[in-house]
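Chemist: sequence first, then the predicted structure, then my questions.
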Amino acid sequence: MSIPTDHSYPFDPTYGLDLDALRAIQPPEPAPHFDEFWRARHAATLGIHPEPRLSASASQHPAWHVQDIVYTSTDQFEIGGWLLLPRDGLVTRGLVVGHGYGGRDEPDFDLPVAETAVLFPCFRGLSRSRRPPISSDPARHVLTGIDKPETSILGGCVDDVWLAVSVLTELYPGLEGRIGYSGLSLGGGIGALAIAADRRIDRGHLVVPTFGNMPLWLTLPTLGSAGAVQHYRTTHPDVLQTLRLFDAATAATRIAIPMLVAVARFDPAVAPPCQFSVANGLATSNHHETVILDAGHVDYPQMEEQHALLVEKVRHLFRAT
């Protein structure tokens, strides 16, 4: 065990909870009309044609054909990213990969997958999907449209994932029902919300997911996006009512596909109790697995060893072997 003990954060990123306490945390009561809200949003989003446009990419890799891609999401938002296709073998699966608030400068060429078309969309407002006046600063990005469920940028990011799935099924109709999702931090929380409402996604991998257990998320000190929303809440006390509809832990209770979730016991950016709320919300009969990391969003002594183990589990999840 290598949970950091020497740090300069003005709070304890373990929140004083041992593993038994973290495993005992349960998702909050769902927001009224949670399921109706997401069903209606999903149905409306799937009515949009994403019109994918592919072009040659400046990125090159010996194992992958790399193409730049742009598609249209809700609100006529142009989503940029990359599409990787294996240089050898057939395309038998699809994978959509989300990212954290740091955005993405290039695809992750080291994913342990084979015979897979991998789509790396950049969430609206970030990296290749920047569009003024949306800020790429996490503390401001998360506040975009936060006053109403219909305008929150979190919902738009979920739309971006759903339409990424639509892009893959349009480009490769044979992938229907064989598309997974992987995402960390921001991409983990968005992924839980997206997977819960989209039966086209057949398995998921979430790493240190945020947006779990919003009542806790709004109270535990953190350096992440939650800190910005906590400050916003001091003058907008009703914001919790909107955020309850974007609770990744509530969404997890609706997920009925195999999941691999990695959660951390020490994390200054996404409070571990909120991460565990997502993992603990998954039904025990769904063949899902939880991997417990000593820390998230920081380096730590056994990080390489633990992440190597996680990579092997990801390889198995997405049937690369």
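Modeler: It's in. All of these numbers come straight from a predicted model, not from anything done at the bench.
Chemist: what's across from Ala56 in the sheet?
Modeler: Gln67 (DSSP bridges).
Chemist: now swap in Leu184 and tell me
Modeler: Bridge pairing for Leu184 - DSSP bridges - gives Val207.
Chemist: do I have it right that it meets Leu206?
Modeler: Yes: the pair Leu184 / Leu206 is scored as a contact, 7.3 Å apart, by Cβ atoms under 8 Å. (Each C-beta comes from the backbone N, C-alpha and C, glycine too.)
Chemist: which one's more surrounded, the two?
Modeler: Neighbours were counted for Leu184 and for Leu206 using other Cβ atoms under 10 Å; Leu206 has more, 34 against 23.
Chemist: confidence score at Ala320?
Modeler: We have a pLDDT of 54 for Ala320.
Chemist: typo on my end, Val263
Modeler: 98.
Chemist: so what's the nearest residue to it once chain neighbours are set aside up against?
Modeler: The shortest distance from Val263 to any non-neighbouring residue, by Cβ to Cβ, 6 or more residues apart in numbering, is to Gln275 (4.1 Å). By Cβ atoms under 8 Å, 6 or more residues apart in numbering, the residues touching Gln275 are 208-210, 212, 263-264, 267, 296.
Chemist: shouldn't Gln275 be within a strand?
Modeler: No: counting by DSSP: H, G, I helix; E, B strand; the rest coil, Gln275 is not found in a strand; it is helix.
Chemist: would CSV of the contacts of Gln275 with distance to Ala308, secondary structure and neighbour count be doable?
Modeler: Listed next are the contacts of Gln275 as CSV, based on distance: Cβ to Cβ, whole Å; DSSP: H, G, I helix; E, B strand; the rest coil; neighbours: other Cβ atoms under 10 Å:
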residue, distance to Ala308, secondary structure, neighbour count
Val208, 17, coil, 27
Pro209, 21, coil, 33
Thr210, 24, coil, 30
Gly212, 26, coil, 33
Val263, 17, strand, 28
Ala264, 16, strand, 28
Asp267, 20, coil, 28
Gly296, 16, coil, 26
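Chemist: ok so, going back, any idea how far the residue nearest to Val263 is from Val208?
Modeler: 6 Å (Cβ to Cβ, to the nearest Å).
Chemist: mind listing the shared neighbours of the two?
Modeler: In contact with both Gln275 and Val208: 263-264, 267, 296, using Cβ under 8 Å, 6+ apart.
Chemist: list the buried residues in the lengthiest helix in the chain.
Modeler: Using DSSP state H to define each element, the chain has its longest helix at helix 153-171. For helix 153-171, a neighbour-count test (16 or more other Cβ atoms under 10 Å) marks 153-169, 171 as buried.
Chemist: likewise for stretch 37-44?
Modeler: Those would be 37-38, 41-42, for stretch 37-44 by 16+ other Cβ under 10 Å.
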